[in-house]
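[1] predicted model, plus sequence, below.
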Amino acid sequence: MRDVKRIEIVVEAPQEEVIRQLIEDAGIDGFTLMHAVAGRGQRGDRTSDGLSSAFQNIVFVVAATADQTAALVEGVRPILKRTGGICLVSDARWLKH
Amino acid sequence: MRDVKRIEIVVEAPQEEVIRQLIEDAGIDGFTLMHAVAGRGQRGDRTSDGLSSAFQNIVFVVAATADQTAALVEGVRPILKRTGGICLVSDARWLKH
Amino acid sequence: MRDVKRIEIVVEAPQEEVIRQLIEDAGIDGFTLMHAVAGRGQRGDRTSDGLSSAFQNIVFVVAATADQTAALVEGVRPILKRTGGICLVSDARWLKH
Amino acid sequence: MLENLLSAPVLFFALGVAARLVRSDLEIPQPVARFLSLYLLLSIGIKGGHELHEAGLTSDVLAGLGAAVALSVMTPVWTFFLLRRSLGSTNAAGVAATYGSISAVTFVVATSFLDQTGVGYGGHMVAAMALMESPAIVMGILLAQRFPAGGPSPETRPPLDWGGLLREAAFNPAVFLLLGSMVIGMTIGPAEFLDVAPFVSSPFKGVLCFFLLEMGLLAARRLRELHAAGLGPLVFAIVAPPAHAALAIGLAWSIGLDAGDALLLAVLGGSASYIAVPAALRLSLPEANPSLYVPMSLALTFPFNVIIGIPLYWWAIQSVGLAGVGPY
Amino acid sequence: MLENLLSAPVLFFALGVAARLVRSDLEIPQPVARFLSLYLLLSIGIKGGHELHEAGLTSDVLAGLGAAVALSVMTPVWTFFLLRRSLGSTNAAGVAATYGSISAVTFVVATSFLDQTGVGYGGHMVAAMALMESPAIVMGILLAQRFPAGGPSPETRPPLDWGGLLREAAFNPAVFLLLGSMVIGMTIGPAEFLDVAPFVSSPFKGVLCFFLLEMGLLAARRLRELHAAGLGPLVFAIVAPPAHAALAIGLAWSIGLDAGDALLLAVLGGSASYIAVPAALRLSLPEANPSLYVPMSLALTFPFNVIIGIPLYWWAIQSVGLAGVGPY
Amino acid sequence: MLENLLSAPVLFFALGVAARLVRSDLEIPQPVARFLSLYLLLSIGIKGGHELHEAGLTSDVLAGLGAAVALSVMTPVWTFFLLRRSLGSTNAAGVAATYGSISAVTFVVATSFLDQTGVGYGGHMVAAMALMESPAIVMGILLAQRFPAGGPSPETRPPLDWGGLLREAAFNPAVFLLLGSMVIGMTIGPAEFLDVAPFVSSPFKGVLCFFLLEMGLLAARRLRELHAAGLGPLVFAIVAPPAHAALAIGLAWSIGLDAGDALLLAVLGGSASYIAVPAALRLSLPEANPSLYVPMSLALTFPFNVIIGIPLYWWAIQSVGLAGVGPY
Ligand SMILES: Nc1ncnc2c1ncn2[C@@H]1O[C@H](COP(=O)(O)O)[C@@H](O)[C@H]1O
Ligand SMILES: Nc1ncnc2c1ncn2[C@@H]1O[C@H](COP(=O)(O)O)[C@@H](O)[C@H]1O
Ligand SMILES: Nc1ncnc2c1ncn2[C@@H]1O[C@H](COP(=O)(O)O)[C@@H](O)[C@H]1O
Ligand code: NA
Ligand code: NA
Ligand code: NA
């Protein structure tokens, strides 16, 4: 097992491509992604409705080294500022098979 | 980045309103919420079926200060006792944009 | 509250039964399970499509003692090796009601 | 009876059970199954409303509605006192609410049975069904409160939120959509009804097949949970339907309902809820064990009614000599 | 007008609103609702394409298309300058794009109104609808860029990705499916059209009912968000539809459209987007507040058009003496 | 052939491909797409069972079934030995299982082609399709086991769970629903069949259009994965279908099948699995690379068969002089 950072990013669905690109740019070669997630924050309620996914959240979970994490976090910051959402970073150990 | 607690609450779907209220009562102004989650515990299997969401789980992920966390945890305790579920608290850092 | 490990396992959907069995074998009596999760890794993109769930991920979240965690991690290792996925372990406190 | 056994919906129910038994991965995606049940409610609501509009409000209508509500209020009472000793007060109350209420899918299968038999029924029976959910839920909670025994100690049990309970009981999605669609069915003219008929009528039986496939899958999965429950609940789940149906037929006979309406009343009395009541109980009586009352109603009572009950009740109704009328 | 009020889709819209008001848990599973909207687009596309193929490309067609595009380019301009003072530049641009664009469901309800009234309309009006989404989005973004005021400071605002915006505007799912289905409807022969008709035509009205139930649920939920917005947006959301529709009717009259086409043009002009435009704006103008422009179009303008607008515009069209033709 | 190119389902497939190429966000919600595929299986199963019941069990039936099973057992053998050198043993086994099995959607498109051409086919061909999935899967696994080469070292590879594999092969959802619906179609009487026909028959072609739209979206997405695979798999995916179909036509000719049945046998032989086999292989042969066998069958073989293959095989069948019969 190896020490890594666990990064959890909650953003609105339209930002999916942007975050995917930022993860790649940070040199991270994997992520896990959940769709159709609800939430509440300063920008009000986000709930899935039957019309579009524009007001749903998505959640990225990323395991990465400290350096990669620093790069990703800097990339994500302005997105969160513009369009809302959160980014949590915690310590974890990664079972390297 | 700021030190926060990451609270993860798994309860059955009918308790959604109750937990939302508890989060608000704890003075926390945001949460992320996943629906249609399965699970197993002392009360047996919970799987989504096509009839009702009464036997599905939902997962709340909440970022909060230590004080808010203490308040929320106390509120959640009796709910978990009555209707089952889990509540995990861990340390995280929150990217404050 | 009691110190536990939080184990997060991301594998492809066809492995659901295998992981369920490993959790039981490790003496752990509960888990939370999310379906229809997307992701990217060394084995390329996994996205839900309308044909089968064979190329979707599922996420198990398990709270367990250190011993149970060690047992589970050893069981999961060869599965990840054969079929891909990740396993992250972190520290958490469990609200015991 | 054999004919009923070989009807497409019943066969698809059996297929669903078989799939689970051989551990096939067959499953109906949950959002679609949820939608199909909404479709069945909306369809039966519109058609019921339309028929009620055609037939007008007669004294028959009021008698039928009254009988239905009476059944849903009374059934929980004896169920509770019958089971309290063996299951404990809380679980008995859960089962009581479950059996006082109804199964909309059983009702739908019965209407499809009548259509096939060429016998008519009143649109108001749809309203009767809708009116039976709430009283049963309220009765169950009341019984649990008045006759407590065991369960968690008082201080951990929060005071009951009656407002929430009544809203849940009266405005639960099934009841709301059913009554709403009925009112719409009564409001729209015949031209408008013709316009929606290709959607609400033509595919109805086929959708029912798909839905019973799902029901079979769910029933087979739930069946296992009954292992722990002992013999009592098992026997009750099989004996209660014909007993309650017999009572309903007696009531129907005494107030002179038509044969079709009588069958539907029997099915309402004999069936038990596995959707609305569990959802309400998880909020208002979470101490009651859902692994008891859901499998009883879903895995035993439901198939009993659909396979044996409906033709059996129909035979009984014809034996007591209630007159059928042609389709309205 | 009363007749329109009592049409099944409108009644289901009301049922959805009512469900939310009494806090019933009724909801259409989201993937199904999403699919029903695709179904409506595909159906209207195929039927429109088929009719256009039968009727051929006339000068009427070009006139209708031109009028539609003109409306979607011009409407954002005055909307923007009217609202800029009270809402700020960014929000005004969001509302401008919203009202320059269209609501496909309103269009669909209008075609259903015409079918019921026995009045025909040209298949090219479906193309007109598709052509109105993109220009409005582009106009909104342009206006926000040329007349900035407030908003985040320039350095945090990344340069606009015009390529992405144009792709989003031109190939958004609704536009793409609509135009694609139209082309397919024009390509397949009559035999093939007959084969798909039981799917695209017969259940259409029933699906529309289900979809308006969902719309009612969503509109009622969104309504609350307008509390914070003040009176201005409220008034605009009610006054803009008839104003824009009047303009569209004037345009229709001046270029001599048939009555059916004129109604559809009025509905396109008077309606506002709550699907395609919000999705595009979240990417290209995220500073604009979606809790403003979505509830305006979804919770006020949409019901206004469906309940009052359509019969009102029809009355106006008949008053100015545009001639209707029978169904093609 | 042009006529087939312009059929609605093929055009919707093209629309799906186009949507992905221009990077439109169009997508069918996954639970609905899953349901549509269940619908197609259930419909074709019921109709096949019904026709088989009408026609009775003839020697033709047995011949057709035998030919189908033979194809699914033999095809994997030569496929494996042909590809082992270039792809390695494990991947060759994956492709072998894939091409020994079948594509239900291709089959459905072929029945729709026959309906349109006015040519009948036997309901037992549906059973033939169902019987072809399992043998191919088992053959693929067997070949990988008997002729290992490369792959992970023996100690990390757990012993094969034959019980699980056979259950997966025999009771996979598609096979189970297809055979189950066939049995139900054979069991229910004609009155019951008429009742479900508006659901299983009328919307069939329209649903097929929607499903091919989804297939187009998926095929285009998968296509990119083949970049890494080299020329060999590409060529195989295009050459195998007509080769296997030719073999099937020869077999059909030698046992004297009707033209309609022969076309379906050709399509079964020439098509490859992208649902059942991948799911089974992920469990039993996870070392085989799904980014190889899925895009081959889904992104190349499937469109080849649907667009070119079906009319081509039909032309070949008529050339060898197999006699068609009218629709049963
Ligand atoms: N304190 C929080 N804890 C967890 N999730 C949050 C929190 N605040 C915001 N979020 C998530 O981030 C999304 C956007 O937040 P906001 O930009 O504040 O509206 C919300 O819909 C939530 O899903
Ligand atoms: N050890 C555990 N780890 C993760 N989730 C759990 C655990 N135990 C229970 N859960 C979750 O909590 C739900 C209710 O648990 P219970 O009340 O024990 O039946 C389960 O369905 C799981 O989703
Ligand atoms: N660095 C990572 N962070 C988060 N999830 C990952 C990461 N790498 C892989 N995954 C997940 O594990 C799945 C399988 O990964 P792989 O076996 O590397 O293709 C992916 O589809 C992701 O969901
Ligand atoms: Na009952
Ligand atoms: Na407009
Ligand atoms: Na094949």
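    Yep, that arrived. Not measured: the values here are computed from a predicted model. Ligands and ions are numbered 1, 2, ... in the order given.
[2] which residues of chain D score low on pLDDT?
    D:1-2, D:150-158, D:324-328 (pLDDT under 70).
[3] following the longest helix belonging to it, which helix or strand comes up?
    As assigned by DSSP state H, the longest helix anywhere in chain D is helix D:59-87. For helix D:59-87, the following helix or strand on the C-terminal side (DSSP states H and E) is helix D:89-100.
[4] in that following helix, what counts as buried?
    D:89-100 (16 or more other Cβ atoms under 10 Å in any protein chain shown). All C-beta atoms are positioned from the backbone trio N, CA, C, and that covers glycine.
[5] for stretch D:314-327, same thing?
    Buried residues in stretch D:314-327, counted by 16+ other Cβ under 10 Å: D:314, D:316-317, D:322, D:324.
[6] taking these together, which two end up most distant?
    D:316 and D:324 (13.5 Å; Cβ to Cβ).
[7] so the longest helix of chain D versus helix D:89-100, what angle?
    If you take axes from the mean of the first three to the mean of the last three Cα atoms, to 10 degrees, helix D:59-87 sits at 150 degrees to helix D:89-100.
[8] pull the number of nearby residues for residue 15.
    Looking at chain A here, since you left the chain open. Number of residues near residue A:15 (other Cβ atoms under 10 Å in any protein chain shown) recorded here: 24.
[9] should've been chain D
    24.
[10] tell me the secondary structure at whichever residue of chain D sits closest to chain B.
    Across chain D, the shortest distance to chain B (Cβ to the nearest Cβ) belongs to residue D:33, at 2.3 Å. The assignment at residue D:33 comes out as helix when based on DSSP: H, G, I helix; E, B strand; the rest coil.
[11] same check, this time on residue A:34
    Residue A:34 ends up strand, using three-state DSSP.
[12] that one against residue C:34, yeah?
    Yes. Using Cβ atoms under 8 Å, residue A:34 and residue C:34 qualify as a contacting pair, with a distance of 6.7 Å.
[13] shared neighbours of the two, which are they?
    Residues touching both residue A:34 and residue C:34 by Cβ atoms under 8 Å, 6 or more residues apart in numbering or on different chains: B:34, C:59.
[14] what's the angle between the helix or strand hosting residue D:127 and helix D:59-87?
    In this assignment (DSSP H and E), residue D:127 forms part of helix D:124-131. Angle between the axes of helix D:124-131 and helix D:59-87 is 30 degrees (criterion: the same axes, to 10 degrees).
[15] does helix D:124-131 reach chain E?
    No. Counting by Cβ under 8 Å from any Cβ of the partner chain, chain E has no neighbours in helix D:124-131; the shortest distance is 12.9 Å.
[16] packing partners for that helix?
    Applying 3 or more Cβ pairs under 8 Å, 6 or more residues apart in numbering or on different chains; DSSP states H and E, one finds that helix D:124-131 contacts helix D:30-55, helix D:59-87, helix D:104-117, helix D:173-187, helix D:259-270.
[17] got the angle for the longest one vs helix D:259-270?
    This means helix D:59-87. Going by the same axes, to 10 degrees, helix D:59-87 makes 20 degrees with helix D:259-270.
[18] and for the fourth one?
    Using the same axes, to 10 degrees, one finds that helix D:173-187 and helix D:259-270 are set 160 degrees apart in direction.
[19] mind listing the strands for chain A?
    A:2-12, A:31-41, A:44-46, A:57-64, A:86-94 (DSSP state E).
[20] among those strands, which comes closest to chain D?
    Using Cβ to the nearest Cβ, those put strand A:31-41 closest to chain D, at 10.4 Å.
[21] does residue D:23 count as helix, strand or coil?
    Per three-state DSSP, residue D:23 ends up coil.
[22] pretty sure it contacts residue F:164?
    No. Between residue D:23 and residue F:164 there is no contact under Cβ under 8 Å: 9.4 Å.
[23] which of those two has more neighbours?
    Taking neighbours as other Cβ under 10 Å, residue D:23 and residue F:164 compare with residue F:164 leading, 15 against 12.
[24] which helix or strand contains that one?
    Going by DSSP H and E, residue F:164 is in helix F:162-170.
[25] which strands or helices does that helix pack on?
    Partner elements for helix F:162-170 (3+ Cβ pairs under 8 Å, 6+ apart): helix F:133-146, helix F:276-284.
[26] how far off centre is it?
    19 Å (Cα atoms, centre = their mean, to the nearest Å).
[27] go on, stretch D:116-135?
    The answer for stretch D:116-135 is 10 Å, by Cα atoms, centre = their mean.
[28] now do stretch A:25-43
    On Cα atoms, centre = their mean, the centre of stretch A:25-43 falls 3 Å from the chain's centre.
[29] ok so, going back, what's in contact with the helix holding residue D:127?
    D:44-45, D:47-49, D:52, D:55, D:60-61, D:64-65, D:67-69, D:72, D:102, D:104, D:107, D:174-175, D:178-179, D:182, D:261, D:264-265, D:268.
[30] next one: stretch D:248-256
    D:60, D:63-64, D:67, D:70-71, D:261-262, D:265-266, D:268-270, D:313, D:316-317, D:320, D:322.
[31] so which bits of it are buried?
    For stretch D:248-256, by 16+ other Cβ under 10 Å, it's D:248-249, D:251-252, D:255.
[32] before we move on, back to that, and the helices and strands packed on helix F:162-170, which is most packed in?
    Mean neighbour count (mean count of other Cβ atoms under 10 Å in any protein chain shown) peaks for helix F:276-284 among the helices and strands packed on helix F:162-170, with a mean of 25.
[33] looking at the helices and strands packed on helix F:162-170, which is closest to residue D:280?
    helix F:276-284 (38.3 Å).
[34] just to revisit the earlier point, nearest to residue F:169 among the buried residues of stretch D:248-256?
    For the buried residues of stretch D:248-256, the nearest to residue F:169 is residue D:248 (48.2 Å; Cβ to Cβ).
[35] quick one: the helix holding residue D:127 to helix D:30-55, angle?
    Using the same axes, to 10 degrees: helix D:124-131 against helix D:30-55 is 130 degrees.
[36] can you tell me the SS state at residue D:273?
    The assignment at residue D:273 comes out as coil when based on three-state DSSP.
[37] quick one: which of the buried residues of helix D:89-100 is nearest to residue D:81?
    Nearest to residue D:81 among the buried residues of helix D:89-100 is residue D:92, at 7.9 Å by Cβ to Cβ.
[38] any idea of the angle the longest helix along chain A forms with strand A:86-94?
    Criterion DSSP H: the longest helix present in chain A is helix A:66-83. Orientation check (the same axes, to 10 degrees): helix A:66-83 against strand A:86-94 gives 160 degrees.
[39] what about helix A:66-83, near ligand 1?
    No. For helix A:66-83, no contact with ligand 1 is found by Cβ under 6 Å from any ligand atom; the gap never falls below 7.2 Å.
[40] which among the contacts of helix D:124-131 end up buried?
    Using 16+ other Cβ under 10 Å, the buried members of the contacts of helix D:124-131 are D:44-45, D:47-49, D:52, D:60-61, D:64-65, D:67-69, D:72, D:102, D:104, D:107, D:174-175, D:178-179, D:182, D:261, D:264-265, D:268.
[41] okay, and the helix or strand of chain A with the least pLDDT?
    strand A:44-46 (a mean of 89; mean pLDDT, DSSP states H and E).
[42] so what secondary structure elements neighbour that strand?
    strand A:31-41.
[43] residues making contact with the strand it packs on?
    By Cβ under 8 Å, 6+ apart, strand A:31-41 touches A:10, A:13, A:16, A:20, A:23, A:45-48, A:53, A:56-62, A:84-86, B:20, B:29-35, C:10, C:34, C:36-40, C:57, C:59, C:86, E:30.
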